[in-house]
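Engineer: mind folding the following:
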Amino acid sequence: MKHQYGRLMLDLAGTNLSNEDKTLIQNKHVGGLIFFARNFESFGQIKNLVDEIRSIKENIIIAVDQEGGKVQRFKKEFTEIPSMQKISKYASSNNDATFLKEIGWLISSELVAAGIDINFAPVLDIDDKTSSIIGNRAFSNKTSEVISMASNFIDGMHEAGMKSTGKHFPGHGGIFEDSHTQLAQDTRNLKELLSMDIKPYEELSNKLDAVMCAHVLFPNVDKHIPSYSKYWLKNILKEVIKYEGLIFSDDLSMFGAGNLSFAEKAIKSIEAGCDMVLVCNNRSEAINVIDILEKNNIDLSNKISKMKKTSNIDWSDLCNSKRRLIIKEKLKTIGG
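Structural biologist: Next up is the predicted model:
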């Protein structure tokens, strides 16, 4: 059972563990935790929280969204990172594409030092200037630049000992709607998507360790959103793109995940091909998902263990490293 992980990732309410948290973490179907800004006070606090979690359960992956720009959960003591689009423009104008490798290394190194396994990054969406939620989270509005910049960013992640998660498959940059709060539909056909939004996943398929699905409906391709779609996850992602890594759903609490029961959402996602499902900001439904996973005898996964961090980094040594200081000086010229 050493490498067997539960298929559910859930969240915590605060900066320390409640008795309920401790009980849920021990459940065999809970294989992951994701942190938000509400869980963070300082490096020391988050490191202690991680250590406490791991003392309760070894077989658990701990994640965060630390993209930079408007999506950065840990700030105090951590390096504040501008948006990937700002960084990409700086790298392009200075003919320094490898700067994205340095950024990937810096973000990942700081998280690994805190004991975090996963940063849900990079964003592989193409910014076509219409999305209300992606925008400058994307590296660029050009597919070729997204591929190049993301490739370097992933190299930096891997050097620091952190696995990569490309998101949001097959693309969230081509529509205005925010799938957190709205039903999102993209009416493009498969040919259009393959030539643009899906291209980064195809080109980076050998570098990506994981993929997170978009809660976007593509009605001219399939009647289900990707998390619930065998067509998207098996026919396109695995057979056409030849992707072999892990697949995460996005948060099943999001409006774009539809109005099925959470139990149905979780089972449909796993049946479609998701290795792990996320249920955040709704503890009662997370518990319902645990119950349905048990009722349906959903197997644990040894694939999830591959997402564990592969290095240990000392925070003090990192803070004093010349490489980190040089990157931080460059970031000052870019701005927030």
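Engineer: do a quick rundown of the helices in the stretch 51-200 of the chain.
Structural biologist: Under the criterion DSSP state H, counting those that start in this stretch, helices of the stretch 51-200 of the chain are mapped to 84-93, 99-113, 143-160, 190-195, 199-203.
Engineer: by contact count, what packs against the last one?
Structural biologist: Okay, so that is helix 199-203. For helix 199-203, the packing partners by 3 or more CB pairs under 8 Å, 6 or more residues apart in numbering; DSSP states H and E come out as helix 143-160, strand 165-169. (C-beta placed from N, C-alpha, C; glycine too.)
Engineer: and those as TSV, adding mean pLDDT?
Structural biologist: As requested, the helices and strands packed on helix 199-203 are exported to TSV (pLDDT from 0 to 100):
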stretch	mean pLDDT
helix 143-160	96
strand 165-169	95
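Engineer: need those in JSON lines with distance to Ile287, can you?
Structural biologist: Shown next, in JSON lines, are those (distance: least, CB to CB, whole Å):
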{"stretch": "helix 143-160", "distance to Ile287": "33"}
{"stretch": "strand 165-169", "distance to Ile287": "26"}
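Engineer: point out the most buried one among those.
Structural biologist: strand 165-169 (a mean of 26; mean count of other CB atoms under 10 Å).
Engineer: which elements pack onto that one?
Structural biologist: With contacts taken as 3+ CB pairs under 8 Å, 6+ apart, strand 165-169 sits against helix 199-203, strand 210-213, strand 246-251.
Engineer: now the angle from that strand to helix 143-160?
Structural biologist: Going by axes from the mean of the first three to the mean of the last three CA atoms, to 10 degrees, strand 165-169 is angled at 150 degrees with respect to helix 143-160.
Engineer: what does strand 165-169 rub up against?
Structural biologist: Strand 165-169 is contacted from outside by 118-125, 150, 198, 200-201, 204, 208-216, 226, 232, 237, 246, 248, 250, using CB atoms under 8 Å, 6 or more residues apart in numbering.
Engineer: give me that answer again for 7 Å
Structural biologist: 118, 120-125, 200-201, 204, 208-214, 226, 237, 248, 250 (CB atoms under 7 Å, 6 or more residues apart in numbering).
Engineer: again, but for stretch 66-80
Structural biologist: 35-37, 40, 42-43, 46, 64-65, 81-84, 106-107, 110-111, 119, 121, 123, 136-137, 328, 331, 336.
Engineer: now, of these, which are buried?
Structural biologist: Neighbour-count burial (16 or more other CB atoms under 10 Å) is assigned, among these, to 35, 40, 43, 46, 64-65, 81-84, 106-107, 110-111, 119, 121, 123, 136-137, 331.
Engineer: where does pLDDT dip in this structure?
Structural biologist: Filtered on pLDDT under 70, the chain yields the residue ranges 1-2, 129-132, 176-179, 181-182, 336.
Engineer: can you tell me which residue is spatially central in it?
Structural biologist: Centroid-nearest residue in the chain: Phe120, 2.1 Å away (criterion: CA atoms, centre = their mean).
Engineer: gap between that one and Val240?
Structural biologist: Distance of Phe120 to Val240, computed by CB to CB, to the nearest Å: 24 Å.
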